[in-house]
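Undergrad: When you get a sec, could you give me coordinates for this:
(chains A and B)
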Amino acid sequence: MALSKIDLDKAGVTGTLPTSNLDTVGVAQGGTGLTSGTTDQFLKFTGTTTIASAADNAGTYVKLLGGSAGSSVTHNIVGFVDTSKYNNYFIYLSNMQGQQGNAIDFQFADGGGAFTASNYWYAGHGWRSSDNAVNLNGESTSQIELMAPNDGGANYPSCGWFYMTINPNSAVDGKTIQGMSWGYRVDVSDFQICNVAGWQDDTNTVTGFTLHATGNDATTFDYEVYGITK
Amino acid sequence: MPTYYKNTITPEGSTREEITGEELTILESEIADFKSKSGERKLKTIKEIRLAKLKETDFYALGDVTMSDAMKTYRQNMRDIPANHTDEAAYDLLLARDPSTKELTHNVWSKP
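TA: Numbering: from 1, shown residues only, chains lettered A, B, ... in the order given. Model prediction:
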């Protein structure tokens, strides 16, 4: 009778496989064969039996910046745009204080500061808790009014968020923002919320944005900037 | 003159520096322009409030509803606000609110 199968357990076979044979031995689930790795990276599949590693920030929403902006009139938040990875960015501003019923203006920017040419177009609409409308608008202006309804006395922090799009594939200068802000406005003593969208008619290279307190009160806020992976 | 600052925040870190030179000149011009339009902004807010209050009572103008003389006067007084209240001090009075109730206190807003 031909020998078709050897039960190694019943045969009591013991010993160590030669190293030269290891490449052909099946590896149990979880075996990686890795002998080294980079700190803070994750393992990932590659489509074959080989496993590789990847940076831990390679998610859908990648945090690019975060922190607290100290008291200033102008805040240039730049250097985070990477058009090879992201077309859209999510920016969240919280705990904003220091506005006195004035607008927070938005401008696209690079390392040299804000782009201030009169080529911004924007519109916004909101509502107040006292049942009145808030309207923002401008054509060929030098900025976008992003957060007009907010007012941050020391005890009334306000918040806002917006998406910023820097899409180099756009046929019509694809630099836009859209977002929402809300807060307590001391001068008319009510709560307000506002949606706003804006566009810049320019082909300049943008690496970030500038927030500017129109009324020139020093503002402070916490910020988070995320890139949304293409 | 007050001192103004600007923050520059990048993935590499942040800096805070005083605004000087031409940038300061532009900023101060903006400040002056913004302050000069304070009354204009207040009047805009007043008109937004007025519009909401006129809408509240528009139904009195329907054919099957009778509008009282008091209501006609109330609505006309609100329409006349820009003519009868022409400076920023007047706008401040129109926007004044009761500290506890938050209600507008000027009698032009008092609905009959």
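Undergrad: was I right about B:R75 contacting B:K55?
TA: No: in this structure, B:R75 is not within contact of B:K55 by C-beta atoms under 8 Å, at 10.8 Å. Every residue, glycine included, has its C-beta placed from N, CA and C.
Undergrad: Counting neighbours, go ahead and name the busier of these two.
TA: Neighbour totals were compared for B:R75 and B:K55, and B:R75 leads with 21 against 10 (other C-beta atoms under 10 Å in any protein chain shown).
Undergrad: check which helix or strand covers the more buried one.
TA: helix B:69-79 (DSSP states H and E).
Undergrad: model confidence over the helix or strand just after that helix, on average?
TA: Using DSSP H and E, the helix or strand that follows helix B:69-79 in sequence is helix B:81-84. Helix B:81-84 shows a mean pLDDT of 96.
Undergrad: Output helix B:81-84 in CSV with nothing but the alpha carbons.
TA: Taking C-alpha atoms only, helix B:81-84 is exported to CSV below (Å, rounded to 0.1, in the frame of the first residue of the first chain):
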residue,chain,number,x,y,z
ILE,B,81,-37.6,105.0,10.8
PRO,B,82,-34.9,106.0,8.3
ALA,B,83,-36.5,109.5,8.0
ASN,B,84,-37.1,110.1,11.6
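Undergrad: excluding its backbone neighbours, what's nearest A:G183?
TA: Excluding the flanking residues, the one nearest A:G183 by C-beta to C-beta, 6 or more residues apart in numbering or on different chains is A:S158, at 2.4 Å.
Undergrad: cool, A:V62 as well?
TA: Residue nearest to A:V62 in three dimensions, not counting chain neighbours: A:G227, with 4.6 Å by C-beta to C-beta, 6+ apart.
Undergrad: okay but that neighbour is in contact with A:S84, surely?
TA: No: between A:G227 and A:S84 there is no contact, the gap being 10.6 Å when judged by C-beta under 8 Å.
Undergrad: Show me the beta-bridge partners of the residue nearest the centre of chain A.
TA: Nearest to the mean C-alpha position of chain A, counting by C-alpha atoms, centre = their mean, stands A:Y226 at 1.2 Å. Beta-bridge pairing for A:Y226 (DSSP bridges): A:K63, A:F90.
Undergrad: Confirm for me that it is in contact with A:K63.
TA: Yes: with contact defined as C-beta under 8 Å, A:Y226 reaches A:K63; the gap is 5.4 Å.
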